[in-house]
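Asks: kindly generate the corresponding structure for this input.
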Amino acid sequence: MGEKQALIPRLRFPEFRNAGEWAKAGMSDLYGFYPTNTLSRDKLNYTKGDVKNIHYGDIHTKFATLFDVANEVVPFINGTESVERIRAESYCIEGDLVFADASEDMEDVGKSIEIVNTCNEKIVSGLHTILARQLTNHLVIRFGGYLFKSGAIREQIKKEAQGAKVLGISSGRLSRIKICYPSDREEQQKIADCLSSLDARIAAQAEKVDALKTHKKGLMQQLFPREGETVPRLRFPEFQGRGEWKTNQLQDLSKIIRGASPRPRNDPKFYGGDIPRLMGQDVSRDGKWVTPCIDFLTKEGAKLSRLCEKGTLTIICSGDVGIPSFLAVDACIHDGFIALIDIDIHRIDVNYLYYCLINLQRVFNSSATHGGIYNNLTTTILKEFSIRLPCLEEQHMIANCLSSLDALVSAHIEKLDALKTHKKGLMQQLFPSVEAVVS
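Replies: Have a look, this model is predicted:
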């Protein structure tokens, strides 16, 4: 057996470096569990009511680790009958933890928030949640929220989770979790302050990204003519008064081809080689310029697919219909993609065409034919799409303007990702390891 690890984090604030090991206790020693309600979404509303309801889905997708009701959009319980059945002890108080008890994703099972500000509003823990409340005041408010996001506790919760397609965690299984914490409440407060400050920076950076994306969307709506119009509402000064834009069908500006897929799927004769095949997930990940890295074909498989050169403009034609992107490398496209090749560069700037397609996504979605559970954009539909064109010089300026804005958005997204990575690394160092906690 290995030597028992000390319950000390790798990174500690200077004034606490000689404070000794952290305390350890079972969750059942620190927390009691209280009743929750089981109202589904159709029993909730976002307009009026006396009691707000925390739904497990919002824990997964919306709510911050430190739940301040003033900063969150929380639905109300409909009517008064359901409210009258709520026990007094079921109303959330500051310092409570609310866990989502079900998830399809192992990384999210048992995801939690800590109630840090109720603004004196009545709030209850709702469907598929577990409400935990401190039995004593060992943990300062705001420290608990981060403690239950630490690697040591998250790993224990994942091990306690049960289920196949849907994973679940119960209060009984949560009670088995081992918790470690600094005995000095000032050290707890210092950790909470540090991480909440970082969360504030992350939130501010996310707002910048959202604002830039909104600005780009609004700018595009003004730089391109609206449906039924022939000039945009916003035009660069040197092109004002130049007259109407010309209309062309896409088939007159490029050759439109559909991808292909070798059959049967996963046949080692066709799949598993070294020739990349573009997938929708690649586009979602990379955006404008895509390097496929999820699926690969053999040389025989590539012969039965559609091999496209680096720089080819592609469009998703099933599922997330209409999303364009450029291939950053030579790659094959399957039958869920359409490629635009032999583009007439004497009439249309390729980058301008990309932004035209971005701007036309709404039209794509309404024009797509319906096949099975997916929308399907056919080559016939795409060929007949109308593209409005100013002169090449104006196309260049529009494309360069939007490309510069894309670069700015990308730079801010990279900064946001860096902050999130920094927080993840900091969390790993500010809390003891899972090996130390469970030993």
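
Asks: how about the helices of the stretch 201-350 of the chain, start to end?
Replies: Using DSSP state H, counting those that start in this stretch, the helices of the stretch 201-350 of the chain run over 280-286, 299-303, 350-359.

Asks: what does the longest one rub up against?
Replies: So that's helix 350-359. Identification of contacts with helix 350-359 by C-beta atoms under 8 Å, 6 or more residues apart in numbering yields 220-221, 224, 253-254, 288, 313, 315, 322, 324, 326, 340, 343, 387-388, 395-396, 398-400, 402-403. In this view, the C-beta of every residue, glycine as well, is placed from N, C-alpha and C.

Asks: what of stretch 221-231?
Replies: 232-235, 243-245, 247, 355-356, 359, 363, 388, 398, 401-402.

Asks: what of stretch 191-205?
Replies: With C-beta under 8 Å, 6+ apart, stretch 191-205 has contacts from 13, 64-66, 140, 142-143, 145-146, 182, 412, 415-416, 419-420, 422-423, 426-427, 430.

Asks: let's see that with 6 Å instead.
Replies: R142, F143, Y146, K415, L416, L419, K423, L430 (C-beta atoms under 6 Å, 6 or more residues apart in numbering).

Asks: torsion angles phi and psi at the first one?
Replies: Spelled out, it's R142. Backbone torsions for R142, taken as degrees, to the nearest 10, come to phi 90, psi -30.

Asks: and it, what is it in contact with?
Replies: L66, V116, A192.

Asks: could you redo the last one with a cut-off of 8 Å?
Replies: So R142 contacts L66, E114, V116, Q189, A192, D193, S196 (C-beta under 8 Å, 6+ apart).

Asks: just the buried ones among the residues you listed, please.
Replies: Neighbour-count burial (16 or more other C-beta atoms under 10 Å) is assigned, among the contacts of R142, to L66, E114, V116, A192, S196.

Asks: for these, work out which two are farthest apart.
Replies: E114 and S196 (10.8 Å; C-beta to C-beta).

Asks: now do the shared contacts for these two.
Replies: L66, R142.

Asks: quick check: pLDDT value at the residue positioned nearest the centre of the chain.
Replies: In the chain, the residue lying closest to the centroid (C-alpha atoms, centre = their mean) is T61, at 8.4 Å. We have a pLDDT of 94 for T61.

Asks: same check, this time on A161
Replies: 89.

Asks: who's in contact with it?
Replies: So A161 contacts M106, V109, G110, L167, G168, I169, R173 (C-beta under 8 Å, 6+ apart).

Asks: mind doing that once more with 6 Å?
Replies: V109, L167, I169.

Asks: so the last one makes contact with D101?
Replies: In this case it means I169. Yes: under the criterion of C-beta atoms under 6 Å, I169 makes contact with D101 at 5.4 Å.

Asks: in the top strand by length along the chain, what counts as buried?
Replies: Longest strand in the chain, counting residues (DSSP state E): strand 271-278. For strand 271-278, burial by neighbour count (16+ other C-beta under 10 Å) applies to Y271, G273, I275, P276, R277, L278.

Asks: one more: stretch 162-177?
Replies: Buried, per 16+ other C-beta under 10 Å, within stretch 162-177: L167, G168, I169, S171, R173, L174, S175, I177.

Asks: what two of the residues you listed are the furthest from one another?
Replies: L167 and S175 (17.9 Å).

Asks: low-confidence ranges, the chain, go.
Replies: 1-3, 365-375 (pLDDT under 70).

Asks: can you list the buried residues of strand 271-278 in JSON lines and add distance to R347?
Replies: Formatted as JSON lines, the buried residues of strand 271-278 follow (distance: C-beta to C-beta, whole Å):
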{"residue": "Y271", "distance to R347": "39"}
{"residue": "G273", "distance to R347": "38"}
{"residue": "I275", "distance to R347": "32"}
{"residue": "P276", "distance to R347": "31"}
{"residue": "R277", "distance to R347": "31"}
{"residue": "L278", "distance to R347": "26"}
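
Asks: and the longest strand of the chain, how far out from the chain middle?
Replies: Chain-centre distance of strand 271-278: 27 Å, with C-alpha atoms, centre = their mean, to the nearest Å.

Asks: parallel or antiparallel, list what pairs with it.
Replies: strand 295-297 (antiparallel), strand 331-333 (parallel) (DSSP bridges).

Asks: what residues does the first one touch?
Replies: Contacts of strand 295-297 from elsewhere in the structure, counted by C-beta under 6 Å, 6+ apart, are G273, D274, I275, P276, R277, M279, S305, C332.

Asks: residues contacting the fifth one?
Replies: Applying C-beta under 6 Å, 6+ apart to R277 gives the contacts D295, L297, C332.
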